[in-house]
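Asks: Let's see this in three dimensions:
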Amino acid sequence: MLRAANRARFLSFRLRFGAGAALPAGLLLALSGLVPTACGQGDAAPPAPSGPPPVSVELVTVEPEPLVDEVAFVGQLEAAGSVVLRAEDEGIIEEIGFEEGSVVETGQILFRLRNDEQRARVRLAQAQLAKVEAEYGRTRKLAQRNAASAAALERQAAEREIARAAVELAQVQLAKTFVRAPFEGYTGARQVFVGDRVDENRDLVRLDDISKVALSFSLPEQALPLARPGVPLTISVAPYPDERFSGEVYFVSPYLEVATRRLAVKAWIPNPDHKLRPGLFAQVEAVIDEKPAALLVPEAAIVYDRNGAFVWRLDAEGLARRAPVELGLRTTGRVEVTQGLASGDRVVAAGTNKVFDGSSVREPPERTADRTPDPDAAPVGADGT
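Replies: Numbering: from 1, shown residues only. Okay, the predicted model is just below:
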């Protein structure tokens, strides 16, 4: 209202003195005094801001920390040695010398076939050998006194060797009536009973060596760094979820399976307590590499564009700057930065979509308060927890 009244008074003066006439000095001073009086009503407006307000983000400080490169997969346990025992010759089971599921020693007799005939053949061969040995001894004495020819002595020596071979052959036939354990291990369920007639095609019992077990698994081609003998690994099995069993790789296939693009690998797992059994599935954890001082950032801090990966790093003035990075290993929710950052750098961990190069950033007050140390709080671990 005041501005409109002043304008009307000014126009009336212009009409009175003419559009081209100069106004009196006193009148100009009077009119000029009206302007600040009109404009000075109320408070003065604050100055306009010089730029956009700071962007609210979450920040993290990059610090070196240990990083272990592990892979996890599933494998199956196998016995170090496994065999299904059969008789070498046909016969009737006369005796069984073990209990099912028991540990047997190397060379222990597990089955004995009826062998009366074989024993008799051994005794016969031994008697014939004794007769030939006596004849050879007499012939040798006669030859020493020139009472027997050299040809007679040679003939007796040959007869003696034949008799010895006959004894060994009879003993071999007798030995075939015994089925012995080829190594120390656990016996399975026997498939025959006393009195059964068996031959070389009849399964008798299975024997497994589980003093150590073989872990069989396959790796994708991306995990080839693990595929070398001597790589340590740790397994867990469902029957003992709180226990870990250590071992190492001993076999790596020289080629990948064409159909699956996977590499067959085996590892020995010591089993002194015989807790691990063939056929169990195992969760495998293997360490490929260890880094004592790796730089890790949250995955949300990594931004991608056509030039690659980068993060928003704060400069000395606290402004966000684009910092290209090279990435390494990934862990749960975090990723290793191998190039582009240094210890102590502060980067935007959340809210990267709101940041542009050179923008001012700030953290919410509650985030800043969370990082403010409590002078009365005990150090971590000081109370033993």
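
Asks: tell me the helices in the chain, going along the chain?
Replies: Here the chain has its helices, by DSSP state H, at 2-17, 25-39, 116-144, 150-175, 365-371.

Asks: And for residue 65, the neighbour number?
Replies: Each residue near residue 65 was counted by other C-beta atoms under 10 Å, and the total is 12. C-beta coordinates here come from the backbone N, C-alpha and C atoms, glycine included.

Asks: sorry, that was for residue 88
Replies: Residues lying near residue 88 (other C-beta under 10 Å) number 15.

Asks: The one 5 residues further on now?
Replies: As a burial measure, the neighbour count of residue 93 was computed by other C-beta under 10 Å and equals 21.

Asks: Mind listing the residues bridging to it?
Replies: Bridge pairing for residue 93 (DSSP bridges) gives the partners residue 113.

Asks: So that it lines up with my notes, have the first residue be 742 from now on.
Replies: Sure thing, new numbering starts at 742, so read that last one as residue 834.

Asks: my guess is it contacts residue 943, does it?
Replies: No. Contact criterion C-beta atoms under 8 Å: residue 834 and residue 943 do not qualify, at 9.8 Å.

Asks: From the recorded domain assignment, give the ranges for the protein.
Replies: Listed by automatic domain parsing, the domain ranges of the chain are 799-808+1033-1112, 813-819+951-1031, 824-945.

Asks: Low-confidence ranges, this protein, go.
Replies: 742-792, 963, 966-967, 1107-1126 (pLDDT under 70).

Asks: the longest strand in it is where?
Replies: Identified as the longest strand of the chain according to DSSP state E is strand 805-827.

Asks: Just the CA coordinates for that one, please, in CSV.
Replies: Taking C-alpha atoms only, strand 805-827 is exported to CSV below (Å, rounded to 0.1, in the frame of the first residue of the first chain):
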residue,chain,number,x,y,z
PRO,A,805,44.3,-52.3,7.5
GLU,A,806,43.1,-55.6,8.9
PRO,A,807,43.8,-59.3,8.5
LEU,A,808,42.1,-61.0,5.6
VAL,A,809,41.9,-64.8,5.0
ASP,A,810,40.9,-66.0,1.5
GLU,A,811,38.8,-69.2,2.1
VAL,A,812,36.6,-71.4,0.0
ALA,A,813,33.9,-73.7,1.2
PHE,A,814,32.4,-76.6,-0.6
VAL,A,815,31.1,-80.2,0.0
GLY,A,816,33.0,-83.4,-0.4
GLN,A,817,32.6,-87.1,0.5
LEU,A,818,34.7,-89.2,2.7
GLU,A,819,36.2,-92.5,1.4
ALA,A,820,38.3,-95.2,3.2
ALA,A,821,42.0,-95.0,2.7
GLY,A,822,41.7,-98.7,1.5
SER,A,823,38.6,-100.7,0.9
VAL,A,824,38.3,-104.3,-0.4
VAL,A,825,35.6,-107.0,-0.7
LEU,A,826,37.2,-110.3,0.4
ARG,A,827,36.6,-113.5,-1.5
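
Asks: Check which helices and strands that strand is in contact with.
Replies: Packing contacts for strand 805-827, counted by 3 or more C-beta pairs under 8 Å, 6 or more residues apart in numbering; DSSP states H and E, involve strand 944-961, strand 1003-1011, strand 1022-1039, strand 1067-1072.

Asks: what touches both of residue 834 and residue 943?
Replies: Common contacts of residue 834 and residue 943 (C-beta atoms under 8 Å, 6 or more residues apart in numbering): 933, 937.

Asks: gap between the residue lying closest to residue 880 once chain neighbours are set aside and residue 991?
Replies: If the residues on either side of it in the chain are set aside, residue 880 comes closest to residue 897, at 4.4 Å by C-beta to C-beta, 6 or more residues apart in numbering. Distance, residue 897 to residue 991, using C-beta to C-beta, to the nearest Å: 56 Å.

Asks: do residue 1082 as well
Replies: To residue 991, residue 1082 is 40 Å away according to C-beta to C-beta.

Asks: So which of those two has more stuff around it?
Replies: Set residue 1082 next to residue 991 and count neighbours by other C-beta under 10 Å: residue 1082 wins out with 20 against 14.

Asks: The more buried one against residue 804, yeah?
Replies: No. Residue 1082 is beyond contact range of residue 804, at 10.7 Å (criterion: C-beta under 8 Å).

Asks: Identify the contacts common to these two.
Replies: Counting by C-beta under 8 Å, 6+ apart, the residues touching both residue 1082 and residue 804 are residue 1036.

Asks: how about the longest strand of the chain: buried residues?
Replies: 808, 810-812, 814, 816, 818-823, 826-827 (16 or more other C-beta atoms under 10 Å).

Asks: partner strands of that strand, parallel or antiparallel?
Replies: Sheet pairing of strand 805-827 (DSSP bridges) gives strand 944-961 (antiparallel), strand 1022-1039 (antiparallel).
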